[in-house]
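*Asks:* curious how this folds, go ahead:
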Amino acid sequence: MKRESRLLAVLVINAVIVAGQVVAGLLSHSLGLLADAGHNLTDVAAIAVSYVAVRLARRPPTPTRSYGWHRSTILSAQANAAGILAITAVIAYEAVRRLAHPHAVHGGVVVVAAAGGLVLNGAAAHIVSRGADRDLNIRAVCVHLAADAAASAGVLVAGAVILATGRHFWLDPAVSLAIAGLIGFEAVRLVRASADILLESSPPGLDVARLAGSMGGVVGVDEVHDLHVWSLSSEVAALSAHLVLSGHPTLEEAQVVGRRVRETLASEYGIAHATLELECETCVLEGGDDCAMTALPPV
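*Replies:* Presented below is the predicted three-dimensional model:
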């Protein structure tokens with residue numbers, strides 16, 4: 001099964017889980033089930049973004065969108081995060097209110113619905129996990145599904161206790177409050193990650209100083225400056241830099257050095273889109289200022 005087909009299958013499964021948990025939550029008066037449905041809804045959004053990313057990444061650049069459609073997934077992620085935070089606030093408010101005034105909960109319905117969610121999330125994780133070790137996008141979906149299964153397990157335990165004892169209804173809003181905290185944490189991380197990409201920050205986990213050292217270590221490079229590296233999307237990084245080359249090479253020799261630097265960037269850092277300006281001397285703007293916005297020391 002292709003990557004797109006796996007994502008689409010998991011998207012349908014999660015949509016079914018959300019619909020079933022909403023109906024069961026309303027019938028059983030279980031805020032825990034409704035909170036779990038909200039958590040699964042965040043994963044529907046995340047999987048949808050991943051699916052759209054795979055589809056849009058295939059579109060070629062155009063004169064008006066020279067980098068293609070990579071950033072559209074980041075805008076979608078921010079919109080999803082805003083919706084998730086709104087859902088979290090509603091769940092948390094209702095959970096606190098029900099902790100003060102517990103409602104009777106139909107434990108049997110909760111157990112059946114939570115068990116169904118646990119089984120379906122397990123099936124979805126199995127479907128999408130093939131190839132997860134090679135694809136960070138798919139791996140992120142697997143993490144979401146694992147969190148779904150954990151939330152469903154928590155609701156299942158609370159429902160089982162209520163069913164067995166006929167009381168302890170406070171467990172239902174307590175579990176929903178914990179799930180709301182998990183949802184909120186994921187949403188804040190999503191907002192921060194998408195904001196970093198829109199602000200063209202360095203890719204997370206990238207050591208820029210080490211990157212500059214690797215570029216400067218290529219035979220024929222004396223200095224690296226005006227180095228900028230940023231994320232186009234969660235999976236695509238780009239780079240631009242000025243390289244001062246040793247001696248005064250011919251155009252053909254300079255191109256060979258540039259090709260070596262690009263090969264280093266692609267093999268060691270996964271950066272396939274690099275724009276390099278090759279120089280014989282450090283460039284200086286009019287007035288004697290260095291051309292770099294943020295110059296790095298020679299490497």
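*Asks:* tell me who's in contact with Gly258.
*Replies:* With contacts defined as CB atoms under 8 Å, 6 or more residues apart in numbering, the neighbours of Gly258 are 243, 276, 278. No exception for glycine: its C-beta is placed from N, CA and C like everyone else's.
*Asks:* repeat that for 10 Å
*Replies:* With contact set as CB atoms under 10 Å, 6 or more residues apart in numbering, Gly258 has these partners: 218, 220-221, 243, 245, 274, 276-278.
*Asks:* highest neighbour count among those residues?
*Replies:* Looking at the contacts of Gly258 with neighbours defined as other CB atoms under 10 Å, the largest count falls to Leu243 at 23 neighbours.
*Asks:* how about the secondary structure of Thr275?
*Replies:* Following DSSP: H, G, I helix; E, B strand; the rest coil, we place Thr275 in the strand state.
*Asks:* from what I can see it touches Trp230, true?
*Replies:* No: in terms of CB atoms under 10 Å, Thr275 does not count as a neighbour of Trp230; the distance is 11.6 Å.
*Asks:* which neighbours do these two have in common?
*Replies:* 238-240.
*Asks:* confirm that Val244 sits in a helix.
*Replies:* No: assessed with three-state DSSP, Val244 is strand; it does not lie in a helix.
*Asks:* which residues touch it?
*Replies:* For Val244, the contacting residues are 216, 221-225, 277-283, 298, by CB under 10 Å, 6+ apart.
*Asks:* ChimeraX command for the buried members of the residues you listed?
*Replies:* Of those, the buried ones can be selected in ChimeraX as follows, counting by 16 or more other CB atoms under 10 Å:
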select :216,221,222,223,224,225,278,279,282
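*Asks:* from the contacts of Gly258, which is closest to Val22?
*Replies:* For these, the closest approach to Val22 (CB to CB) belongs to Ala274, at 47.7 Å.
*Asks:* if I read this right, the closest one contacts Ala238, doesn't it?
*Replies:* Yes: because the distance of 7.3 Å satisfies CB under 10 Å, Ala274 is recorded as touching Ala238.
*Asks:* mind listing the shared neighbours of the two?
*Replies:* Taking CB under 10 Å, 6+ apart as the contact criterion, the common neighbours of Ala274 and Ala238 are Val229.
*Asks:* may I see the buried residues of stretch 257-267?
*Replies:* Residues of stretch 257-267 classed as buried under the neighbour-count rule (16+ other CB under 10 Å) are 257-258, 261-262, 264-265.
*Asks:* can you confirm Ala241 is in a strand?
*Replies:* Yes: following the definition three-state DSSP, Ala241 is counted among the residues of a strand.
*Asks:* quick check: phi and psi on His225?
*Replies:* phi -150, psi 170 (degrees, to the nearest 10).
*Asks:* for it, give the beta-bridge partners.
*Replies:* With DSSP bridges as the criterion, His225 is bridged to His242.
*Asks:* I'd assumed Leu276 was in contact with it.
*Replies:* No: checked against CB under 10 Å, the pair His225 and Leu276 is beyond contact range at 11.8 Å.
*Asks:* now the common contact residues for these two.
*Replies:* With CB under 10 Å, 6+ apart applied, the overlap between the contact sets of His225 and Leu276 consists of 241-243.
*Asks:* and Thr275 and Trp230? Which one has more around it.
*Replies:* Trp230 (15 against 10).
*Asks:* which strand or helix spans the more buried one?
*Replies:* Here Trp230 is covered by strand 221-231, with elements defined by DSSP states H and E.
*Asks:* repeat for Val16
*Replies:* Under the assignment here (DSSP H and E), Val16 is part of helix 3-28.
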